[in-house]
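S.K.: From the sequence below, what's the structure:
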Amino acid sequence: MEDFMENIKDIEGRMQKSVDNLKEEYVTIRAGRANPHILDRLRVDYYGTPTPIQQVANVSVPEARMIQIQPWEASLIKDIEKAILVSDLGLTPNNDGKTIRLVFPELTEDRRKELAKDIKKKGDNAKVAIRNIRRDANDAIKKENKAGDISDDEAKNSEDEIQKITDKYIAMIDSAIDDKTKEILTV
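M.R.: Sure thing, here's the model as predicted:
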């Protein structure tokens, strides 16, 4: 049974990672408002090391639809600008030689609906990952049962416990989908 509790922790850990990955993906989806976290995945070459922009510049949000990036070293402006241009952010940086400004255009109704579909798709992919974890866990239980390591009752109880955990994480994903969709569709 101790082994089972360790497996449950492992299963929950893997499911939590799926939820965390989904939330990280959602941070990069822009809702027409400036969010400095959209820069989290971008790296610039800083003395030969790929470094997050937040570690080489001061990133601020002076207005609701603008991010301002002020590099600590002027030589990094071109590298930061290049990183933004080659990314999938869809933003054009404005640079005055000292700072870079990213202006977020107002989202059109069509673009909002497109983003809402993308949010749902990413959420559905996370649910598939959760269900795959459940399937793997249930398969392991069935193998143990067949091998005679656990009784039929223990197998049934274990599967019920795994289903409860799965339901909990699926609900977390549904909640994340709803929250991000509301954020995108709110004008």
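S.K.: Tell me, how many residues neighbour I53?
M.R.: Residues lying near I53 (other Cβ atoms under 10 Å) number 23. Every C-beta, even on glycine, is put in place using the N, C-alpha and C of the backbone.
S.K.: Setting the sequence-adjacent residues aside, check what's closest to it.
M.R.: Leaving out its chain neighbours, the residue that sits closest to I53 by Cβ to Cβ, 6 or more residues apart in numbering is L39, at 4.9 Å.
S.K.: do the same with E73
M.R.: That would be V56: by Cβ to Cβ, 6+ apart, it lies 7.2 Å from E73.
S.K.: Could you report the separation of that neighbour from K78?
M.R.: Noted for V56: a distance of 13 Å to K78, by Cβ to Cβ, to the nearest Å.
S.K.: Comparing those two, which residue is more hemmed in?
M.R.: Ranked by neighbour count (other Cβ under 10 Å), V56 and K78 place V56 first, with 20 against 13.
S.K.: contacting residues for the more buried one?
M.R.: V44, Y46, P71, W72, E73, L76, I80 (Cβ atoms under 8 Å, 6 or more residues apart in numbering).
S.K.: Buried ones in the helix with the most length in the chain, by neighbour count?
M.R.: Criterion DSSP state H: the longest helix present in the chain is helix 109-147. Using 16 or more other Cβ atoms under 10 Å as the test for burial, helix 109-147 gives 112, 115-116, 119, 122-123, 126-127, 129-130, 133-134, 137-138, 141, 144-145.
S.K.: mind checking the backbone torsions on the spatially most distant residue from the centre of the chain?
M.R.: What lies farthest from the middle of the chain is G148; by Cα atoms, centre = their mean that is 40.7 Å. Backbone geometry at G148, expressed as degrees, to the nearest 10, gives phi 80, psi 10.
S.K.: Looking at it now. What's its pLDDT?
M.R.: Here the pLDDT value assigned to G148 is 85.
S.K.: likewise I8?
M.R.: Looking at I8, the pLDDT reads 82.
S.K.: same question, K98
M.R.: At K98, the pLDDT value in this model is 88.
S.K.: wait, is it part of a strand?
M.R.: No: counting by DSSP: H, G, I helix; E, B strand; the rest coil, K98 is not part of a strand but coil.
S.K.: Quick check: phi and psi on it?
M.R.: According to degrees, to the nearest 10, K98 has phi -120, psi -40.
S.K.: My read is that V103 contacts L89, right?
M.R.: No: the pair V103 / L89 is not scored as a contact, 11.9 Å apart, by Cβ atoms under 8 Å.
S.K.: Now tell me which helix or strand of the chain has the poorest mean pLDDT.
M.R.: In the chain, the helix or strand scored least confidently by mean pLDDT, DSSP states H and E is helix 2-27, which has a mean of 85.
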